[in-house]
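Engineer: let's see this in three dimensions:
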Amino acid sequence: EVQLVESGGGLVESGGSLRLSCAASGFTFDDYAIAWFRQAPGKEREGVSAISNSDGSVYYEDSVKGRFTIFSDNAKNTVYLQMNSLKPEDTAVYYCNADWVDGTGAYRAYWGQGTQVTVSS
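Structural biologist: Numbers count the residues shown, from 1 in each chain. You can find the predicted model right below:
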């Protein structure tokens, strides 16, 4: 069974830092990419960052470039999102995601339960 478990959210003042973790299990971690999404109240879920665990390539959404860093520990099957210089507009529930096309050709998407990040001004 595929599982993604986020942790590390919390309340922080503007300018502060948090590190989110996404612990993955139930699939071959090294073969797939893991992404972080976030959803603020009243807004659509948006992609924040992603990392390919096979080649290490990374992606950042423009608003977090230079402030957030994504990295993985393949030995622990865990992806981290280091968030620095946090702003009130970063307040959201953060989710990690893994998706792929399985052997039958079906698209599979998996999500964690989410972790709340609140940045006070």
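Engineer: okay, CA-based contacts and neighbour counts for the rest of this
Structural biologist: Noted.
Engineer: would you confirm that residue 23 contacts residue 74?
Structural biologist: No - under the criterion of CA atoms under 8 Å, residue 23 is not in contact with residue 74, lying 10.3 Å apart.
Engineer: the two: which is more packed in?
Structural biologist: Neighbours around residue 23 and residue 74, counted as other CA atoms under 10 Å, are more numerous at residue 23. The numbers are 19 against 13.
Engineer: for the more buried one, name its beta-bridge partners.
Structural biologist: Note on residue 23: beta-bridge partners by DSSP bridges are residue 5, residue 78.
Engineer: check contacts around it.
Structural biologist: Applying CA atoms under 8 Å, 6 or more residues apart in numbering to residue 23 gives the contacts 3, 4, 5, 6, 76, 77, 78, 79.
Engineer: who's sitting farthest from the centroid in the chain?
Structural biologist: Going by CA atoms, centre = their mean, the residue of the chain most distant from its centre is residue 104, 26.9 Å out.
Engineer: top strand in this protein by residue count?
Structural biologist: Counting by DSSP state E, the longest strand found in the chain is strand 92-101.
Engineer: what sits up against stretch 11-22?
Structural biologist: 4-10, 78-88, 96, 117-121.
Engineer: and the end-to-end length of that stretch?
Structural biologist: End-to-end distance of stretch 11-22 (CA to CA, to the nearest Å): 18 Å.
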